[in-house]
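1. curious how this folds, go ahead:
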Amino acid sequence: MIKLNFLGTSDAIPTAMRNHISVLLTYEGENILFDCGEGTQRQFRKAQLNPNKVTRILISHWHGDHVLGIPGLLQTMSLTGYNKPLYIYGPKGTKRFMNQLLKTFAFKKNYEIKVQEVSGKFFENKDFCLEAKSISHGIPCNAYSFVKKGLIRIDRNKLKKTGLPNLPFLKNLKKGKNITYKGKKYLAKNLTFKEKDIKVSFVMDTQFNESIAPFVKNSDVLICESTFSKELEELAREHKHLTSEQAAEIAKKAKVGKLVLTHISQRYENNLNIILNEAKKVFKNSVLASDLMSMDV
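-> Numbering: from 1, shown residues only. Presented below is the predicted three-dimensional model:
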């Protein structure tokens, strides 16, 4: 099961109810932090989560509201015994910015930090992969997708019809290997099926453009910035952001399962229904993220 924890959901200016942007995705032994706005480590405490379990940090871009929580988080991890490599990924320029950050904030770093500038599929193991796509925000900026690979399962009904006994070598079918029993060959493709992949995509800080929908296509969950309402579409274009309606249009075109609206301007703090209702008119399965909200995928 994939769990999402929304640690911060504001835009560049936080409010009393919304911290700067950050989302934690947990799957098996992985805890992947998407952006790390100012105050993120305190949000970990509020959510009763352990920052020392973070394995990777994915940075969308280097505007302050997305990265100013990094120095404090790294220091806390050092002070509390973090002892494994920490992987930090981001767009072009991330190595230079991280180098400057580590020089600026003096703390004892007793673990390895590995920084990569990424695009396309940049990480893959047997369980999941991570993908990055450059988006348009005036400075280098990435959208990301986490894809949990569907497992190969044995079709028990088909297996029963073959009369094959329940022997250890049947596990080879899950590896896509054919098996032979008493001189007869059984094809893995005829006795197995593949579960559907599960995809979670993150789109932060971008102007509306046609390249986003293909990247997030068929996502089970799309977490998308929705800084402005449609009445401020011109302002959104000027600042290279999305309106909630545009986020919904992307979700609809990409045929995603659920749209989660986040990175909300402080101007809507007392009237959040504007953002949610505009999205719902275009894409019904839209929800509005709030700080410390959690979600299973």
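2. for stretch 38-54, which positions count as buried?
-> For stretch 38-54, a neighbour-count test (16 or more other CB atoms under 10 Å) marks 38-44, 47, 49, 51, 54 as buried. Glycine gets a C-beta too; all of them are placed from N, C-alpha and C.
3. centre of the chain to that stretch, how far?
-> The chain centroid and the centroid of stretch 38-54 are separated by 17 Å under CA atoms, centre = their mean, to the nearest Å.
4. quick one: end-to-end distance for stretch 118-127.
-> Across stretch 118-127, the terminal residues are separated by 20 Å (CA to CA, to the nearest Å).
5. who's in contact with it?
-> Here stretch 118-127 makes contact (CB atoms under 8 Å, 6 or more residues apart in numbering) with 27-28, 56, 89-91, 116, 129-134, 142, 148-149.
6. how about stretch 290-297?
-> With CB under 8 Å, 6+ apart as the test, stretch 290-297 has contacts from 1-9, 17-19, 43, 46-47, 198, 200, 220-221, 260.
7. cool, and stretch 215-224?
-> Residues from elsewhere that reach stretch 215-224 (CB under 8 Å, 6+ apart): 4, 23, 34, 131, 133, 143, 145, 198-204, 242, 247, 250-251, 254-262, 289, 295, 297.
8. for PyMOL, write the selection for the buried entries among the residues you listed.
-> Remark: buried members of those, expressed as a PyMOL selection using 16+ other CB under 10 Å:
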select buried, resi 4+23+34+131+133+143+145+198+199+200+201+202+203+204+242+247+250+251+254+256+258+259+260+261+262+289+295+297
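9. so residue 93 sits right up against residue 140, yeah?
-> Yes - at 5.4 Å, residue 93 counts as touching residue 140 under the criterion of CB atoms under 8 Å.
10. quick check: neighbours shared by these two?
-> Going by CB under 8 Å, 6+ apart, residues that sit against residue 93 and also against residue 140 are residue 62.
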